[in-house]
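>>> I would like the atomic coordinates for the input below:
(chains A and B)
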Amino acid sequence: MKYFRLIWKNAWRKKIRTSLTVLSVFVAFLLFALLSALGFAFRGGVDVADAERLIVIDKISLINPLPMSYRNRIAATEGVESVTHASWFGGYYQDPRNQFGQFPVDPESYFDMYPEFNMPAEQFEAFKRNRTGAVVGREIADTYGWKVGDQIPIQATIWTRADGGRTWEFQLEGIFSTDDPRGSSALMLFQYDYFEEARAFGKGTVGWYILRVSKGADPVQVANAIDLQFANSPNETETSTEAAFAQSFTKQFGNIALIVTLILGAVFFTLLLVSGNTMSQSVRERISELAVLKTLGFSDPAVLGIVLSESILIMLMGGLLGLGLGWLLIQGLAQQMAAFLPGIFLSPAAMAGGVAMMIGAGILAGIFPALKAMRLSIIDALARA
Amino acid sequence: MSDILAKLRGVSRIYQKGKEKVEVLHELDLEIPKGDFIAIMGPSGSGKTTLLNLLGGLDKPTAGTVNVGGAELSSMSNSQLSHWRSTNVGFIFQFYNLLPVLTALRNVELPLLLTDFSSKERVKRASIALDIVGLADRAKHYPRELSGGQEQRVAIARAIVSDPSLLLCDEPTGDLDRETADEILRLLQVLNREHGKTIVMVTHDAQAADYANRTLHCDKGTLEAREAA
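The predicted model follows:
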């Protein structure tokens, strides 16, 4: 710390040059923060997936429904603790742009399956009692300004009503949230019984089943046993872990992780060139000053450390500003996008990774000039001065 | 206890310049008593600065031994020499070599960064050193805000702040006008006489050499003594 003043003063020796370098670092880490948060949203389902939950879908396609009769057979399979189901409704609120996930479910078993969803007990009871009741996640309620008791019309894009209508009316009975910051509650749940009774077609089916494996049971064996039961039937199944299901769902959007990595790779490569050039120039300009430090008794490692610290300091100044502004922007973005892309979140791990990248990039950008400074001959440098 | 601060025995220094070997110092013997003030004169390339570098532990002899204050410099590693320099020797250069990004006070404080003194203690000692050279009121000035003579005074303060026994001055007045040069030389005399510093000064200026106790003439790698007038 006693060298900090020296390092700080040297870093700002050429104010315009350092400002431009800090600015380029700032932009790079702002981009890093935004892309990390978006990447997190895309793979969010994978990260929060519960290893003990399995998903049973139609073997051919997720959009093919499964018979309701499968529920009891799945529940009776050895190693299955509990079963619930959900279906894709695919509606919108007022405007086709206002799309979010809506699912008809069996309230009791569904909320048992997902204990991470929290809702006041009286709201849950009211939801169970009201056949046309619905509950929504906090993100959805905030986005549309809904409150408990509101009447919510949802326009169906798939499920027309038996009476020919496309408008489904629901009464909002509760708002739930999730404690897990990585998870999303951007969905609407309503009674399967109401859906089953009022829809024009597809009766007696559900979209997919979700089951919890008993303690000690092997999820792979349970999945195989379920698929075996329905082999050679009109609706063969494919059972996978929740993580695998979320992963295959995410892949529909392309390999987000690879895209993010490629963009960031290009940005950071450019950043290294810019900041490496800054440090090289800076060291070249003060060869005689570095020789004086060594003459005064600063050791070779101390000179190396001073130059490297300067490079890291420049990275940290720009990087922390970029990460900070990114974090602020993400708070707003997450609210705006909650309905369309839930789970936009700059995780502590991503932030720690960002800081590690700042230090790493600082070392990479500064190592060659620092080695040059460390190895310089005092006599030659003073003679040149 | 010996009264000799520095002792050079059979010191040669040969530099390799391309394929050619250049012998700058040739089997040189020298003893410098504690509290001495020596001027070294001689033509360019005669080995004056090389001698100063050897005394300051900035260079090592090709042959012979250099002993300063009981430390055998010729057998020390680079890191040992760095540490030794930080506490035993102060350097004063022709062009001052102050760091332009630091104030006078912070320039003087630099050698103390290598000690365990607290920040407060470092500032106190740097202020005292600036006071000794008569620049207490310029502590917060940057080098660009000082005259040449003032810059050299700051450099002297930096050289004495860690209280070394030996001061090595390489043309300390070479960049100054006569009047300012005399001020600097009087200051060096005060440091020698009142603060007991042993001073070795390389100079081309005969008037500057007059301030020393004795003058050695360096030529073709050997030394010849000439008593000061």
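>>> Scan chain A for its longest helix.
If you go by DSSP state H, chain A has its longest helix at helix A:300-336.
>>> That helix and chain B, any residue contact?
Yes: judged by CB under 8 Å from any CB of the partner chain, helix A:300-336 and chain B are in contact via A:300-302. Where C-beta positions appear, they are placed from N, C-alpha and C, glycine not excepted.
>>> counting contacts, what elements does the helix or strand following that helix pack onto?
Note on helix A:300-336: by DSSP states H and E, the next helix or strand toward the C-terminus is helix A:348-375. When contacts are defined as 3 or more CB pairs under 8 Å, 6 or more residues apart in numbering or on different chains; DSSP states H and E, helix A:348-375 sits against helix A:15-47, helix A:256-285, helix A:300-336.
>>> can you redo the ones you listed as a markdown table with distance to residue B:144, mean pLDDT and mean neighbour count?
Shown next, in a markdown table, are the helices and strands packed on helix A:348-375 (distance: least, CB to CB, whole Å; pLDDT from 0 to 100; neighbours: other CB atoms under 10 Å in any protein chain shown):
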| stretch | distance to residue B:144 | mean pLDDT | mean neighbour count |
| --- | --- | --- | --- |
| helix A:15-47 | 15 | 84 | 20 |
| helix A:256-285 | 15 | 86 | 16 |
| helix A:300-336 | 21 | 92 | 20 |
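>>> re earlier: from the residues of helix A:300-336 next to chain B, pick the one nearest chain B.
residue A:300 (6.6 Å; CB to the nearest CB).
>>> what's the closest one in contact with, if anything?
Residues counted as contacts of residue A:300 (CB atoms under 8 Å, 6 or more residues apart in numbering or on different chains) are A:294, A:374-375, B:78-79, B:82.
>>> Now tabulate the residues you listed in JSON lines and tack on pLDDT, neighbour count and distance to residue A:40.
What follows is the contacts of residue A:300, written out as JSON lines (pLDDT from 0 to 100; neighbours: other CB atoms under 10 Å in any protein chain shown; distance: CB to CB, whole Å):
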{"residue": "A:294", "pLDDT": "95", "neighbour count": "25", "distance to residue A:40": "47"}
{"residue": "A:374", "pLDDT": "94", "neighbour count": "19", "distance to residue A:40": "40"}
{"residue": "A:375", "pLDDT": "93", "neighbour count": "10", "distance to residue A:40": "44"}
{"residue": "B:78", "pLDDT": "91", "neighbour count": "13", "distance to residue A:40": "50"}
{"residue": "B:79", "pLDDT": "92", "neighbour count": "12", "distance to residue A:40": "47"}
{"residue": "B:82", "pLDDT": "94", "neighbour count": "23", "distance to residue A:40": "49"}
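>>> if we can go back for a sec, turn the helices and strands packed on helix A:348-375 into a markdown table, including distance to residue A:358.
Formatted as a markdown table, the helices and strands packed on helix A:348-375 follow (distance: least, CB to CB, whole Å):
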| stretch | distance to residue A:358 |
| --- | --- |
| helix A:15-47 | 7 |
| helix A:256-285 | 10 |
| helix A:300-336 | 4 |
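>>> Need the three-state assignment for the closest residue in space to residue A:80 that isn't next to it in sequence.
With CB to CB, 6 or more residues apart in numbering or on different chains as the criterion, residue A:80 has its nearest non-adjacent residue at 5.1 Å, and that residue is residue A:211. Look at residue A:211: counting by DSSP: H, G, I helix; E, B strand; the rest coil, its state is strand.
>>> pretty sure residue A:211 is touching residue A:76, no?
No: contact criterion CB atoms under 8 Å: residue A:211 and residue A:76 do not qualify, at 11.3 Å.
>>> more crowded one of the two?
Set residue A:211 next to residue A:76 and count neighbours by other CB atoms under 10 Å in any protein chain shown: residue A:211 wins out with 27 against 10.
>>> OK, now which residue of the stretch 1-150 of chain A is nearest to chain B?
For the stretch 1-150 of chain A, CB to the nearest CB, closest residue to chain B: residue A:9, 4.0 Å.
>>> What of chain A?
residue A:297 (2.6 Å).
>>> what mean pLDDT does stretch A:171-181 have?
The predicted model assigns stretch A:171-181 a mean pLDDT of 85.
>>> Repeat that for stretch A:115-125.
Taken as a whole, stretch A:115-125 carries a mean pLDDT of 92.
>>> Endpoint to endpoint, that stretch covers what distance?
This stretch, stretch A:115-125, spans 16 Å end to end (CA to CA, to the nearest Å).
>>> Tell me which residues of it come out buried.
If you call a residue buried by 16 or more other CB atoms under 10 Å in any protein chain shown, then stretch A:115-125 has these buried ones: A:117, A:119, A:123-124.
>>> pull the CA atoms of stretch A:283-295 into CSV?
Taking Å, rounded to 0.1, in the frame of the first residue of the first chain, the C-alpha atoms of stretch A:283-295 are listed here in CSV:
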residue,chain,number,x,y,z
VAL,A,283,7.5,2.3,-19.5
ARG,A,284,9.5,3.5,-22.5
GLU,A,285,8.9,7.1,-21.5
ARG,A,286,10.4,6.7,-18.0
ILE,A,287,13.3,4.3,-18.4
SER,A,288,15.5,6.8,-16.6
GLU,A,289,13.0,7.2,-13.7
LEU,A,290,12.9,3.4,-13.3
ALA,A,291,16.7,3.4,-13.2
VAL,A,292,16.6,6.0,-10.5
LEU,A,293,14.2,3.9,-8.4
LYS,A,294,16.6,0.9,-8.8
THR,A,295,19.5,3.2,-7.9
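>>> quick one: is that stretch near chain B?
Yes: for stretch A:283-295, a contact with chain B is found by CB under 8 Å from any CB, at A:288-289, A:292-295.
>>> Quick check: chain neighbours aside, which residue is closest to residue B:8?
Excluding its sequence neighbours, the residue lying closest to residue B:8 (CB to CB, 6+ apart) is residue B:30, at 4.3 Å.
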